[in-house]
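*Asks:* This is a predicted model, with the sequence first.
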Amino acid sequence: MSDKVPLQIDVDTLKSMQQSGAELALLDVREPWEFDLCAIEGSSSIPLATLPQRAAELPKDRQIVVICHHGGRSAQATAWLRHNGYDKATNLMGGVDAWARRIDPTMKVY
């Protein structure tokens, strides 16, 4: 991907990226109890409060789609990641709530 990675994408864009086989890292920054309720398949859980200590677990060589409940915490995490050298971090607008409502109606909403 030679173009600059967008600061945020919507759930339809994420779904089409997944379907096209794009190499993505899905980072869920919600609390563990939220992640246990529902999560986008293939995502890793690193709660927002622990991100500074655990950022080294994330790849810098591919796009990281940052996910939370509605998009607020993931926007904070995306800004922090970009400030700290993760230029391919992207916020998922609407979070798992939008994913459940538009992409996967079997996913629990809360």
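*Replies:* In hand now; what should we look at? Residues are numbered from 1 along each chain as shown.

*Asks:* and stretch 17-28, how far from the chain's centre?
*Replies:* Relative to its chain's centre, stretch 17-28 lies at 10 Å (C-alpha atoms, centre = their mean, to the nearest Å).

*Asks:* May I have it as PDB, with CA atoms only?
*Replies:* Extracted as PDB, the C-alpha positions of stretch 17-28 are listed here (Å, rounded to 0.1, in the frame of the first residue of the first chain):
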ATOM      1  CA  MET A  17     -10.400  -4.800   2.600                       C
ATOM      2  CA  GLN A  18     -10.800  -8.100   4.500                       C
ATOM      3  CA  GLN A  19     -12.500  -9.700   1.500                       C
ATOM      4  CA  SER A  20      -9.700  -8.500  -0.800                       C
ATOM      5  CA  GLY A  21      -7.100 -10.200   1.300                       C
ATOM      6  CA  ALA A  22      -5.400  -7.000   2.600                       C
ATOM      7  CA  GLU A  23      -2.900  -7.700   5.300                       C
ATOM      8  CA  LEU A  24      -4.400  -6.000   8.400                       C
ATOM      9  CA  ALA A  25      -3.800  -6.000  12.100                       C
ATOM     10  CA  LEU A  26      -7.100  -5.500  14.000                       C
ATOM     11  CA  LEU A  27      -6.500  -3.800  17.400                       C
ATOM     12  CA  ASP A  28      -9.400  -3.700  19.800                       C
END
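
*Asks:* quick one: average pLDDT of it?
*Replies:* Averaged across stretch 17-28, the pLDDT comes to 97.

*Asks:* just stretch 68-84 next, same as before
*Replies:* Stretch 68-84 comes out at a mean pLDDT of 98.

*Asks:* same question, stretch 93-110
*Replies:* On average, stretch 93-110 scores 97.

*Asks:* Quick one: end-to-end length of it, please.
*Replies:* 17 Å (C-alpha to C-alpha, to the nearest Å).

*Asks:* heads up, I number from 31, so please use that
*Replies:* New numbering, starting at 31: the last item is stretch 123-140.

*Asks:* Tell me the buried residues in that stretch?
*Replies:* Residues 123-130, 137 are the ones in stretch 123-140 that count as buried (16 or more other C-beta atoms under 10 Å). Where C-beta positions appear, they are placed from N, C-alpha and C, glycine not excepted.
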